[in-house]
Every structure is written in structure tokens, then in C-alpha cells.
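Visitor: how would this look folded up:
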Amino acid sequence: MTKNTSVVLVLVLAAVCAQDALAQDSSRDQVSPPPMDPKRKVSKQVCTRTIQMDGGNLMCIQLTDAQIRAEIAEQERQARERKEAEERAARERLEREQAEQLAREEAARKARAAEEERLAAEAARKAQEERERQEKAEAEARARQLAEQEAREAAERECRRVAQERLDGRALLVNFVDNYGKIEENKGIAGQITAFLAKARKVEPCPSADSTAKLSQTETATATRSR
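Guide: All right, here's what the predicted structure looks like:
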């Protein structure tokens with residue numbers, strides 16, 4: 001056998017083998033695949049969009065125009081709901097902030113009112129204490145004035161009593177001289193009595209209790225105002 005004949009034979013054998021392989025592959029393609037497990041999850045998705053890897057078998061579907069419009073409408077509805085929810089949340093947040101601000105202002109107002117009430121009560125207490133102090137001082141001043149007036153009146157009475165006794169004594173001496181001084185045995189004492197009565201007397205007048213009281217009242221009023 002020549003070299004060329006051998007090459008041709010090899011090529012023929014290779015072609016036969018290739019046809020057999022193609023025949024076997026074709027016979028395998030005609031065999032039906034096994035059915036899917038009915039318990040296995042099937043994920044129907046639009047494969048032209050982002051695939052959600054949620055497990056199970058992927059089944060690509062094609063949306064109709066009606067489904068696309070419905071989906072767009074649903075997306076718009078969801079967008080409106082999200083916007084409304086955001087606006088509602090913003091309103092609620094604003095209302096909550098306003099309520100908190102009002103609560104703070106009310107608390108501050110109550111605190112100011114309480115402080116003003118405390119200051120007013122403190123001022124009233126001090127005013128009451130001042131009135132009581134003044135009333136006590138005035139009562140003490142009246143008591144002193146009364147005691148001083150009583151002392152002055154007693155001193156005036158005593159002074160007048162002593163003065164009256166002095167006058168009564170001189171009147172007795174004058175009466176003795178007039179009635180009994182001419183008797184011989186009384187002439188000596190009568191002369192002494194006459195000389196005594198003739199001497200100038202320096203008698204201080206009794207002070208008036210009323211005039212002294214007025215002076216004391218003026219001094220007390222001046223002292224009270226100076227406090």
C-alpha cells in the first residue's frame with residue numbers, strides 16, 4: 001500500500017467516526033428531559049430587569065402592554081404614597097416640634113409666674129414685717145410717752161404739793177406773827193419769823209406736764225421718722 005492510499009483511508013475512517021458521533025448526539029437530543037420537582041419553588045421574573053436571587057427555578061416572563069401600564073401605574077401609586085407618607089411624617093414632626101415648643105414656653109411661663117408669685121409673697125412678707133415693726137415701735141413710743149406723762153404729772157403734783165405746803169407754812173408763820181407776835185414772850189421769835197419772811201425767796205415754778213408732754217411728743221415723732 002502506498003503512502004497516499006494510507007492517508008485517504010485515514011480520512012475516510014475519521015469521517016465515518018464523525019458521522020457516528022453526530023448520530024449519537026442527535027439521538028440524545030431527542031430524549032425528553034426529566035420533569036421538574038413540583039415541590040421546588042419557581043421564581044417568575046422579567047429577565048430583562050435585575051434578577052432577584054431568591055432561590056428556586058427562574059422562569060422568565062414577558063409583560064404585556066397592559067401589565068406594563070399597570071406596573072407603571074402601581075409604581076406611580078407607590079411613589080405618591082411614599083410622598084404622602086413623607087409629607088405626613090414631616091407635618092407630624094413639625095406638629096410635634098411645635099407642641100414641644102409650646103410645652104417649653106408654657107413651662108417657662110409657669111416658672112416665671114411662680115417666681116413672680118414668690119417675689120410678691122416675699123415683698124408682702126417684708127411689708128408685713130415692716131408694718132409690724134413700725135406698729136411695735138409706735139406702741140413702744142406711746143407706752144414711753146404715757147409713762148413719761150404719768151411721771152411728769154406725778155412730779156407736777158408733788159411739786160405743787162410741796163409748794164402748797166410751803167405756802168401753808170408761811171401762812172401759819174404770818175398768822176402767828178399777826179396774832180401772837182405782840183405778846184412779850186413771842187416778840188423775839190416773831191422778829192426772827194418776820195426777818196425770815198422778809199428775805200427774798202428763789203422758788204422755781206413747777207413745770208407744766210402738758211407743755212413737757214408736747215415737747216416729748218415732737219421729739220418722739222422726729223425720732224420715728226428718722227428710722
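Visitor: quick one: low-confidence parts of this structure?
Guide: Per-residue confidence for the chain (pLDDT under 70) gives these ranges: 1-38, 209, 211-227.
Visitor: how about the helices in the chain?
Guide: Applying DSSP state H to the chain gives helices spanning 3-29, 65-180, 187-198, 209-226.
Visitor: centroid-nearest residue for this structure?
Guide: Central residue check for the chain by C-alpha atoms, centre = their mean: the C-alpha nearest the mean position is that of A111, 2.7 Å away.
Visitor: for that residue, give its distance to A123.
Guide: 19 Å (C-beta to C-beta, to the nearest Å). Bear in mind the C-beta positions are built from the backbone N, C-alpha and C, glycine included.
Visitor: next: T48.
Guide: Relative to A123, T48 is positioned 84 Å away (C-beta to C-beta).
Visitor: and for A163?
Guide: In this structure, A163 and A123 are 58 Å apart, going by C-beta to C-beta.
Visitor: so which of these two has more stuff around it?
Guide: Neighbours were tallied for A163 and for A123 using other C-beta atoms under 10 Å; the higher tally belongs to A163 (14 against 10).
Visitor: my guess is the more buried one contacts C206, does it?
Guide: Yes: because the distance of 6.3 Å satisfies C-beta atoms under 8 Å, A163 is recorded as touching C206.
Visitor: look up how far L102 lies from the residue nearest to the centre of the chain.
Guide: As it turns out, when the distance is counted by C-beta to C-beta, A111 lies 15 Å from L102.
Visitor: got it, and R201?
Guide: Distance, R201 to L102, by C-beta to C-beta: 96 Å.
Visitor: cool, A137 as well?
Guide: From A137 over to L102 the distance is 51 Å, taken as C-beta to C-beta.
Visitor: of the two, who's got more company?
Guide: Neighbours were counted for A137 and for L102 using other C-beta under 10 Å; A137 has more, 14 against 10.
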